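> sequence-free structure coming up:
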């Protein structure tokens, strides 16, 4: 066995992210279909590790403790960048996408439970191949595993959920860019007026935004505060009986701090003006997102799929097909059939099979290729990073009794 500790694994993830960026810039098909940079490096590493396991009998394990911390920073940054006063401009889009996401969670679980029953399994095990591992992601899978194994007596629930998440995350990263690219080429749609701006750049008053030592240090300070507040809020959520991943609390912590900062900014000085910190927060957020996805993919142990290969193969093939069909024929049309709707579709394709981080990575790759989509980057993280997790927890709780 070849083991990498947490520090070595993080260092390797940085190298793989550079590798993914280099390959994506040089290989036209990767750039044309909007495959995110972390996916290239992470899947490449997972493939090499799988070959070593089957050919040389060497099992490689990575210390992925930093992966979970990076995810918390990413969601804390999403919260700090969520200007609640701007939600009015996307209110209708938020409502529509929230309803669509809720409907899709029900479809996803219905398909998973039906297939589990067809394969002679406990139908509730199908939830692990449904919204728990796909819409919910790794955090939700880990959170629900003890309930399925100890309370429901489904011994293989953890392995089934993680295996489904492995396949789903790869599929989520692969389908998002092609979906958006096909929609953009098929329909006469153009990027928004802000298309000339770089992805991640502000759309407000740029004269007040700086990326300097003070700005980055202040961004890190408030991100840490958001994570600490998130721990408190997460404990309150769990005490209320809701089983939600830790990142939900961090997202809420960032939103609360941003709302407080917006109220105090006129008298609070630079320490509270989160609008001034957005470049620093965006920089930290982008790095954490890229490294999180790289580490999540490089840590995939693909040989774990073998014992449940039949069920997983059929289940994931149908889940991916349903996600693509629902995104193209329902989400894109309901969101307006314009460029923003195409970018939202790429994000929905990510969240339906992977995670909110995957959705944002998909949208970032599309926006870098075709142009900025500010409404998409407002609507998708808020709906998929907050509403979906709350709805998902309620739906799973009712179905897994």
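The structure has been received and is ready for your questions. None of these values were measured; they are calculated from a predicted model.

> Tally up the residues packed near residue 186, please.
The local packing count at residue 186 equals 11, with neighbours defined by other C-beta atoms under 10 Å. From N, CA and C alone the C-beta is placed, and that goes for glycine too.

> I should have written residue 398 there, sorry.
Based on other C-beta under 10 Å, the number of other residues close to residue 398 is 9.

> How much space separates it from residue 117?
Here the criterion is C-beta to C-beta, to the nearest Å. By it, residue 398 lies 18 Å from residue 117.

> and what of residue 91?
40 Å.

> Would you mind telling me which of these two has more residues around it?
Just comparing residue 91 and residue 117: by other C-beta under 10 Å the higher neighbour count belongs to residue 117, 14 against 11.

> name the element the more buried one belongs to?
Residue 117 is located in helix 91-118, with elements delineated by DSSP states H and E.

> same thing with residue 238?
Using DSSP H and E, residue 238 maps to helix 213-239.

> give me the low-pLDDT residue ranges for the stretch 51-200 of the chain?
Confidence mapping of the stretch 51-200 of the chain against pLDDT under 70 gives the ranges 83-90, 138-139, 143, 192-200.

> one step back: and the helix holding residue 238, which residues are buried?
The neighbour-count check on helix 213-239 (16 or more other C-beta atoms under 10 Å) flags 215-216, 218-219, 222-223, 226-227, 229-230, 233-234, 237 as buried.

> next helix or strand past that helix?
Heading C-terminal from helix 213-239, the first helix or strand you meet, by DSSP H and E, is helix 246-268.

> List the buried residues in that next one.
246-259, 261-262, 265.

> same thing with stretch 387-395?
For stretch 387-395, burial by neighbour count (16+ other C-beta under 10 Å) applies to 387-389, 391-393, 395.

> A strand includes residue 397, no?
No: remark: residue 397 does not belong to a strand; assigned using DSSP: H, G, I helix; E, B strand; the rest coil, it is helix.

> what separates stretch 343-356 from the chain centre, distance-wise?
Distance of stretch 343-356 from its chain centroid, counting by C-alpha atoms, centre = their mean, to the nearest Å, is 8 Å.

> before we move on, what about stretch 232-245?
When C-alpha coordinates are averaged (C-alpha atoms, centre = their mean), stretch 232-245 and its chain have centres 20 Å apart.

> what's next to that stretch, contact-wise?
When contacts are taken as C-beta atoms under 8 Å, 6 or more residues apart in numbering, the neighbours of stretch 232-245 outside the stretch itself are 136-137, 139-140, 142-144, 147, 246, 248-250, 252-253, 256, 389-390, 393-394, 397.

> so residue 309 is in which element?
helix 309-326.

> Buried residues, that helix. List them.
Burial within helix 309-326, assessed by neighbour count using 16+ other C-beta under 10 Å, is assigned to 311-312, 315-316, 319-320, 322-324, 326.

> Quick one: work out the angle between that helix and helix 91-118.
For helix 309-326 against helix 91-118, the angle between stretch directions is 150 degrees (axes from the mean of the first three to the mean of the last three C-alpha atoms, to 10 degrees).

> Would you pull up how far helix 309-326 lies from the middle of the chain?
The chain centroid and the centroid of helix 309-326 are separated by 19 Å under C-alpha atoms, centre = their mean.

> packing partners for that helix?
Contacting helix 309-326 under the criterion 3 or more C-beta pairs under 8 Å, 6 or more residues apart in numbering; DSSP states H and E are the following elements: helix 91-118, helix 157-186, helix 339-353.

> any idea which of the ones you listed is most buried?
Neighbour counts averaged per stretch over those are highest for helix 339-353, at a mean of 30; criterion: mean count of other C-beta atoms under 10 Å.

> could you check the angle helix 157-186 makes with that helix?
Between the axes of helix 339-353 and helix 157-186, defined by the same axes, to 10 degrees, the angle is 160 degrees.

> can you tell me the average pLDDT over helix 339-353?
The average pLDDT within helix 339-353 is 89.

> returning to that earlier point: identify all contacting residues around the helix holding residue 309.
Here helix 309-326 makes contact (C-beta under 8 Å, 6+ apart) with 104, 107-108, 111-112, 115-116, 119, 121, 126, 129-130, 134, 160, 163-164, 167-168, 171, 175, 179, 305, 349, 352-353.
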